[in-house]
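[1] Predicted model follows, preceded by the sequence.
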Amino acid sequence: MKSKSIFTIQDLCMMGVFTAIIAVLAQIIIPLPYGVPITLQTLAIPLAGVVLGSKRGTITTILYILIGAVGLPVFAGFTGGLGVVLGPTGGFILSFPFLALAAGLGAEKNNIWWLWGGIVTGVLVNYLCGVVYYSIFTSNDLITSFIACVLVFIPGDILKVISVGLLGERIRKMIQQRSTTP
């Protein structure tokens, strides 16, 4: 009896490639004084959701977190380990699968409004989880945590959302065309 695989070889390869892309873009950082750096991993994560879809994009980000949690230096600044996942930026890291999921669900609707709504929703969930976790971890109030963890990120994240929306859909369509072409 032949067992049916959930993912194709192409799926697994694309998930591996996006896990690597997230790890590489996490190293492009601008350090900030409160310990939450500006990185490009928050560009790669919703891009994974849009390009790979909600299921594969979410699994990709979970894989990225697991790889980092066991100690491989894939997080910002070539860090890794459970201490990073449970440290002050842990809320952002742990919400990455939800960011990819929301972006992927939006893209799967094949409607531009759903796409943008999914990406923005994912970013807002990432902000919410990150701020609440940071506030608890540092014993700061939510306003101070919002200022430290979100306010300075908004202009760059607007550019990331626009980039993901414009590039992600094009990349997704190119991959779909290539996989259906013999």
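    Nice, thanks for sending it over. Numbers count the residues shown, from 1 in each chain.
[2] so the residue nearest to the spatial centre of the chain is in which element?
    Residue closest to the average C-alpha location in the chain (CA atoms, centre = their mean): residue 45, at 2.4 Å. If you go by DSSP states H and E, residue 45 is part of helix 41-52.
[3] Against which helices or strands is the next helix or strand after that helix packed?
    With elements assigned by DSSP H and E, the helix or strand that comes after helix 41-52 is helix 54-69. In terms of contacts (3 or more CB pairs under 8 Å, 6 or more residues apart in numbering; DSSP states H and E), helix 54-69 is packed against helix 9-25, helix 41-52, helix 82-85, helix 90-94, helix 96-108. In short, each C-beta sits where N, CA and C put it, glycine included.
[4] Mind checking the ones you listed for the one nearest to residue 33?
    helix 90-94 (16.6 Å; CB to CB).
[5] which residues are contacting the closest one?
    By CB atoms under 8 Å, 6 or more residues apart in numbering, the list of residues contacting helix 90-94 from outside reads 36, 42, 65, 68, 75, 84-85, 126, 129-134, 137, 149.
[6] go on, stretch 153-165?
    38, 40, 42-43, 46-47, 50, 103, 115-116, 119-120, 123, 127.
[7] Specify which member of these is nearest to residue 13.
    For the contacts of stretch 153-165, the nearest to residue 13 is residue 47 (16.5 Å; CB to CB).
[8] these two touch, right, residue 101 and residue 57?
    Yes. Using CB atoms under 8 Å, residue 101 is in contact with residue 57, at 7.0 Å.
[9] tell me, what's touching these two both at once?
    Contacts common to residue 101 and residue 57, judged by CB under 8 Å, 6+ apart, are residue 49.
[10] out of those two, which sits in the more crowded spot?
    For residue 101 versus residue 57, the count of surrounding residues by other CB atoms under 10 Å is larger for residue 57: 32 against 24.
[11] which ones are touching the nearest residue to the more buried one once chain neighbours are set aside?
    Excluding its sequence neighbours, the residue lying closest to residue 57 (CB to CB, 6 or more residues apart in numbering) is residue 49, at 3.5 Å. Residue 49 is in contact with 57-58, 61, 99-105, 107, 118, 122, counting by CB under 8 Å, 6+ apart.
[12] one step back: buried subset of the contacts of stretch 153-165?
    Neighbour-count burial (16 or more other CB atoms under 10 Å) applied to the contacts of stretch 153-165 gives 40, 42-43, 46-47, 50, 103, 115-116, 119-120, 123, 127.
[13] What distance do you get for residue 7 to residue 161?
    28 Å (CB to CB, to the nearest Å).
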